[in-house]
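Chemist: let me see the structure of the following:
(2 chains)
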Number of protein chains: 2
Amino acid sequence: MKKIGIGLIGFGTIGAGVARLLLERKKLLSERAGFIPELISVCDCDLKRPRPVSLPAGILTRETKNVLENPRVQIVLELIGGIEPAGSFLLKALQNGKSVVTANKALLAEKGDCLFSAAEQSGCHLGFEASVGGSIPIVKTLKESFIANNITSLYGILNGTTNFILTRMVEDRLSLANALKIAQDAGFAERDPSLDLSGNDSSHKLSVLATLITGKFFPAAAIPTEGISGITAKDLDYAAELGYGVKLLSILKFGQNGLSLATYPALIPNRHILSSVRDVYNAIFLTGDLVGESLLFGKGAGMDPTASSVISDIISIGNNILCGAKPLPFSITPGKKLQLQTDFKSRYYFRFSALDQPGVLARIAEILGKYNISIASCIQKEEKPQKAVPVVVLTHTAKESAVKAAISAIDRLAAIKSKTILLRLAFDE
Amino acid sequence: MKKIGIGLIGFGTIGAGVARLLLERKKLLSERAGFIPELISVCDCDLKRPRPVSLPAGILTRETKNVLENPRVQIVLELIGGIEPAGSFLLKALQNGKSVVTANKALLAEKGDCLFSAAEQSGCHLGFEASVGGSIPIVKTLKESFIANNITSLYGILNGTTNFILTRMVEDRLSLANALKIAQDAGFAERDPSLDLSGNDSSHKLSVLATLITGKFFPAAAIPTEGISGITAKDLDYAAELGYGVKLLSILKFGQNGLSLATYPALIPNRHILSSVRDVYNAIFLTGDLVGESLLFGKGAGMDPTASSVISDIISIGNNILCGAKPLPFSITPGKKLQLQTDFKSRYYFRFSALDQPGVLARIAEILGKYNISIASCIQKEEKPQKAVPVVVLTHTAKESAVKAAISAIDRLAAIKSKTILLRLAFDE
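Modeler: The predicted structure is shown next:
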């Protein structure tokens, strides 16, 4: 049976998971793949830390050249994360004629243009299944299974930490801070949770998906991104009362005026399947012009789920190397208008903090009307004369630009006591 | 750019959909695939019927040899359905050194052993993505994306017609007969709906998945199968009251005593994601030892969704042919104990029709107790002295064999006025 040499850079959690599978499931993988994926060299700056796998003697090294310049290594796995030196390692591997596999969404979302074109020029393969949705086979599905489709929209829950926090806030009636603490104690959230809470991690993944779907590079920095830090248990209660769950969504949509990309927390009707995605799970709901509505759901992170996707890339690429197959052309929807849309329409949820005085609601409604924003429903329950109380409004479809202007005007009213909370609705237009 | 010649047998709904895509999306498919999939010959016994695609002159034929013996045809699509002559055509194509693509689950579920081994002997590819779950990429996901996993269980909603009927019965409060009529009028159900209602179509698909997962052929005839004909709106109401939805599930599970396979209607807790799968959608919920719980959801039938999967097979196989890659070994979990389990454990729902007389419930409970079946909850609402009323019982986990014996004893009681309805619970053990 033929062999494919694998070199690994980054012997952390995911790297150790991949190394363990390559060693402990060598026989199983060889039988299924038709070749032997052989771990040749593992590079990390920390040679001492205990890991859940013991490597054969002599393959652990601190020298990247033992991977990047090793003639026996045909596929390089980059599992260190971060922008540099990860990016340079990947480029070097491609320049040396080695195919690469990475789980690094931050890198792809910042330097994807340069990496994808380096891969194309080298004629080598660049696998990145593990960079989005952990175990979820979204890259293979888009590139291969849905190859005949034009994708018209995609809505992803792409960050398990924030989905866990939102789920615990609703189901255990916790504040965001307390739910975050539970996530941190359980190891789902980092000590510094800002990359997750800000929505930036989700936008990294949306960047990868947008590039894959459109064949044009959209860096994460170009994607309007809002996180969940402003969401309170109260908003989740109001949403539930109105028949909605709240999820941090990353959205790609082709509209009349071009492509829109965004990450923000959104209200989703209870009976939509995405509102059933709980805890740390990720899901991607997408529409293709042939397949119609589809959903892929699974674990978005973790050693084994992520390692499973890395191995899947190794086997696909290994078989392609062995038979001399070139990578599939990357651009999967050529000819689309690719103007990034700066304005869009949606339905909205507002929570105003308004003094409970006569005429306040009338004043809010008047400003909304002036901007052509029509109210679909309204909740005002508490009565505390002379104190600010929450007034919740759901609108019909309105323009984002008009909404921003209206809210800015409303927030200047004397009776409005704090910044209005603004959320968008999805699947209910 | 290189070409791959395609021959199509069966120019019905799906065949016409595939032909249309091959012709109308030729440029798009070629750009994405890296080769030109060229439709060479289309064979059908009906040359006259109008179809939603016009073929180039001279390629439509009544002679199968124009496909099966045409040296320019490298991939044969079998889209006629049924066991014969479809099976003979596929074998002939493989014997002639042509790869094949089929959507024919009934054929694979009856003759899979002979077809899969013929493909293996020929060294040709056999694509069958479209045979299960229409647009859902379950075959590629199992064979490629989850290649490093051992699959431990699978729960599929594999028949859109019955899922539509169950959804309409609950949401529109219809009888099964009325919901079926709506499905027939909308074109979701056949004039003779027995293949769907009986659960046999679902078991055909489960057979294909079981063979794929275990590497051993399990014909549909070996799978215990119950359909939805016995389900009443009343049962769905009781299930809802108890916090469950009812779905027709096809189940594969590895247990201590071997593999169990079955299709039956089951109660699923409302918050499980499978209970959000509504109307004609299909979904497959599976657990792998690395990926954990995963779900694939999409349209299970229809011209475009099915054609999308057929095209995906064509492109994968075409690329393999062009680079000379052999098919991946078929068996994907060798070494498993593959005894089919004849008994298993579950929780149960019973609806007894019992005379509303003193002592009846005690008598039922006594018999259940004798068979070690413990009652978890019970609903008896209506009071109609001297008439039979429904008594609904949910049990704790019990053995199927004990339950069958107990129900048989209970159904012989004088106070039991019709055959007891028995449903199983899923995801709540």
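
Chemist: just how off-centre is the helix or strand containing residue A:210 within its chain?
Modeler: Using DSSP states H and E, residue A:210 sits within helix A:200-214. Here the centre of helix A:200-214 is set off from its chain's centre by 7 Å, with C-alpha atoms, centre = their mean, to the nearest Å.

Chemist: if we go by neighbour counts, what in that helix is buried?
Modeler: Neighbour counts over helix A:200-214 (16 or more other C-beta atoms under 10 Å in any protein chain shown) mark A:200-214 as buried. (Each C-beta comes from the backbone N, C-alpha and C, glycine too.)

Chemist: stretch A:164-174 near chain B anywhere?
Modeler: No. Counting by C-beta under 8 Å from any C-beta of the partner chain, chain B is not contacted by stretch A:164-174; separation bottoms out at 9.3 Å.

Chemist: list the buried residues of that stretch.
Modeler: Buried, per 16+ other C-beta under 10 Å, within stretch A:164-174: A:164, A:165, A:166, A:167, A:168, A:169, A:170, A:174.

Chemist: ok so, going back, rank the buried residues of helix A:200-214 by pLDDT and give me only the lowest.
Modeler: The member of the buried residues of helix A:200-214 with the lowest pLDDT is residue A:214, at 90.

Chemist: okay if I get the buried residues of stretch A:164-174 as CSV plus pLDDT?
Modeler: Listed next are the buried residues of stretch A:164-174 as CSV, based on pLDDT from 0 to 100:
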residue, pLDDT
A:164, 97
A:165, 98
A:166, 98
A:167, 97
A:168, 97
A:169, 97
A:170, 96
A:174, 96
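
Chemist: near chain B, which residues of the stretch 51-200 of chain A are found?
Modeler: A:129, A:135, A:136, A:137, A:140, A:141, A:144, A:145, A:146, A:147, A:148, A:149.

Chemist: tell me the contacts of the residue nearest to the fourth one when sequence neighbours are not counted?
Modeler: Spatial nearest neighbour of residue A:137, chain neighbours left out: residue B:145 (3.5 Å); criterion: C-beta to C-beta, 6 or more residues apart in numbering or on different chains. With C-beta atoms under 8 Å, 6 or more residues apart in numbering or on different chains as the criterion, the residues that contact residue B:145 are A:129, A:137, A:140, A:309, A:312.

Chemist: ok, the buried residues of stretch A:164-174 vs chain B, which is closest?
Modeler: Ranked by distance to chain B (C-beta to the nearest C-beta), the buried residues of stretch A:164-174 are led by residue A:167 at 10.6 Å.

Chemist: surely that closest one meets residue A:279?
Modeler: Yes. The pair residue A:167 / residue A:279 is scored as a contact, 5.1 Å apart, by C-beta atoms under 8 Å.

Chemist: do you know the pLDDT at residue A:193?
Modeler: We note a pLDDT of 95 for residue A:193 in this prediction.

Chemist: can you count the residues close to it?
Modeler: 19 (other C-beta atoms under 10 Å in any protein chain shown).

Chemist: quick one: it and residue A:180 touch, right?
Modeler: Yes. Contact status for residue A:193 versus residue A:180: in contact at 6.0 Å, counting by C-beta under 8 Å.

Chemist: now residue A:7: which helix or strand?
Modeler: strand A:3-9.

Chemist: buried residues in that strand?
Modeler: Buried, per 16+ other C-beta under 10 Å, within strand A:3-9: A:4, A:5, A:6, A:7, A:8, A:9.

Chemist: among the residues you listed, which pair sits farthest apart?
Modeler: For those, the farthest-apart pair by C-beta to C-beta is A:4 and A:9; their separation is 16.8 Å.

Chemist: what about the closest residue to residue A:316 other than its chain neighbours, how many neighbours?
Modeler: Once flanking residues are discounted, residue A:316 sits nearest to residue B:144: 6.3 Å by C-beta to C-beta, 6+ apart. By the criterion of other C-beta under 10 Å, residue B:144 has 24 neighbours.

Chemist: ok, residue B:144 - contacts?
Modeler: Residue B:144 touches A:137, A:140, A:312, A:315, A:316, B:328, counting by C-beta under 8 Å, 6+ apart.

Chemist: from chain B, how far out is the residue in chain A sticking out farthest from the centre?
Modeler: Farthest-out residue of chain A from its mean C-alpha position, per C-alpha atoms, centre = their mean: residue A:358, at 44.8 Å. Between residue A:358 and chain B the distance is 43 Å, computed by C-beta to the nearest C-beta, to the nearest Å.

Chemist: over to residue A:184?
Modeler: 21 Å.

Chemist: contacting residues around that residue?
Modeler: By C-beta under 8 Å, 6+ apart, the neighbours of residue A:184 are A:190, A:191, A:193.

Chemist: closest one to chain B out of the residues you listed, please.
Modeler: Using C-beta to the nearest C-beta, the contacts of residue A:184 come closest to chain B at residue A:190, 21.0 Å.

Chemist: does that closest one touch residue A:196 like I think?
Modeler: Yes. Using C-beta under 8 Å, residue A:190 is in contact with residue A:196, at 7.0 Å.

Chemist: how is chain A divided into domains?
Modeler: Using automatic domain parsing, the domain ranges for chain A come out as A:3-127, A:139-299, A:345-425.

Chemist: of those, which is nearest residue B:223?
Modeler: Residue B:223 sits nearest to domain A:3-127 of all the domains of chain A, at 24.8 Å, using C-beta to C-beta.

Chemist: what about the closest one, distance to the chain center?
Modeler: Centroid separation between domain A:3-127 and its chain, computed with C-alpha atoms, centre = their mean, is 22 Å.

Chemist: now it: average pLDDT?
Modeler: 96.

Chemist: end to end on it, go ahead and measure it.
Modeler: End-to-end distance for domain A:3-127, by C-alpha to C-alpha, to the nearest Å: 19 Å.

Chemist: over to stretch A:229-236?
Modeler: Terminal-residue distance, stretch A:229-236 (C-alpha to C-alpha): 13 Å.

Chemist: much appreciated, bye for now.
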